[in-house]
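Enquirer: sequence unavailable; structure follows:
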């Protein structure tokens, strides 16, 4: 993984993970808001930005291992980990694995929990398979899925079909959960579930913010993070 390191050289480490389809540039506003007091590492995860996707399908665990590898390169043994959306999935996996000690965890509109209506989605998958077998064409997928090519399609399937309930229960560090009240991609009920699953976690729901709550309410988000990890 390609990554940037910035901030105070003697500061404690903060690792910031972007969402699906984004790059490290999307998380720079948070990084810049922390770098006066902390040492900030932000990667382009596999398949995004400057980091190519390897010639195989990946899982959430593969992404977590990739972050652990670059942490080792920088001699990072413990860090605050911040993850948005898909980056939240990877952050949960990192905290559960324990190979990189996650001192504190910040999840922003994080994915990784089974959505409501999963039964109807399962029926849709079955209909898709039947149509594809009969006519060679199935139902149209999400815009994110349709835009993908090659191994990245299979990575997307692996990622969205892995639910991290068990991993969240393993987390024994404190967690700050920040959610947009208007988030339709990972609705606030997912934040409430994470709050129940992660012992010692606290949830803040930001009014008027959507899935990119850290951008919609940038000053409020940064104030919450700074106060929490200080």
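Expert: Perfect, I can see it now. Everything numeric here is computed off the predicted structure, so don't read it as measured data.

Enquirer: go through stretch 39-59 and flag the buried ones.
Expert: Buried residues in stretch 39-59, counted by 16 or more other Cβ atoms under 10 Å: 39-49, 51, 53, 57-58. Where C-beta positions appear, they are placed from N, C-alpha and C, glycine not excepted.

Enquirer: contact partners for the residue nearest to the spatial centre of the chain?
Expert: Centroid check for the chain by Cα atoms, centre = their mean gives residue 87 as the closest residue, at 1.8 Å. Residues near residue 87 by Cβ atoms under 8 Å, 6 or more residues apart in numbering: 16-19, 27, 45, 110.

Enquirer: so of these, which two are at opposite extremes in space?
Expert: Greatest spatial distance among those (Cβ to Cβ): 45 and 110, at 14.6 Å.

Enquirer: so where's this structure shaky on pLDDT?
Expert: Across the chain, the ranges flagged by pLDDT under 70 are 117-149.

Enquirer: among the buried residues of stretch 39-59, which lie within strands?
Expert: The strands, defined by DSSP state E, take in 39-44 from these.

Enquirer: just the closest of these to residue 166, please.
Expert: residue 43 (25.0 Å).

Enquirer: so the closest one makes contact with residue 51?
Expert: Yes: counting by Cβ atoms under 8 Å, residue 51 is a contact partner of residue 43 at 7.1 Å.

Enquirer: okay, and the common contacts of those two?
Expert: Contacts common to residue 43 and residue 51, judged by Cβ under 8 Å, 6+ apart, are 1-2.

Enquirer: now, which of the contacts of residue 87 sits nearest residue 216?
Expert: Each of the contacts of residue 87 was checked against residue 216 using Cβ to Cβ; the closest is residue 19, at 13.9 Å.

Enquirer: contacts only, for the residue lying closest to the closest one once chain neighbours are set aside.
Expert: Of all residues not flanking residue 19 in the chain, residue 85 sits nearest, at 3.3 Å (Cβ to Cβ, 6 or more residues apart in numbering). By Cβ under 8 Å, 6+ apart, the contact set of residue 85 is 19-20, 108-111, 185-186, 211.

Enquirer: can you classify the residue nearest to the centre of the chain as helix, strand or coil?
Expert: helix (DSSP: H, G, I helix; E, B strand; the rest coil).

Enquirer: excluding sequence neighbours, find me the nearest residue to it.
Expert: Of all residues not flanking residue 87 in the chain, residue 17 sits nearest, at 3.1 Å (Cβ to Cβ, 6+ apart).

Enquirer: what is the burial count for that neighbour?
Expert: Per other Cβ atoms under 10 Å, the neighbour tally for residue 17 reads 28.

Enquirer: surely it and residue 67 touch.
Expert: Yes: contact criterion Cβ under 8 Å: residue 17 and residue 67 qualify, at 7.0 Å.

Enquirer: what sits in contact with each of those two?
Expert: Shared contacts of residue 17 and residue 67, counting by Cβ under 8 Å, 6+ apart, come down to 43, 45, 90.

Enquirer: which helix or strand contains residue 178?
Expert: strand 175-180 (DSSP states H and E).

Enquirer: for that strand, packing partners?
Expert: Using 3 or more Cβ pairs under 8 Å, 6 or more residues apart in numbering; DSSP states H and E, the elements in contact with strand 175-180 are strand 101-108, helix 188-197, strand 201-206, helix 213-216, helix 218-229.
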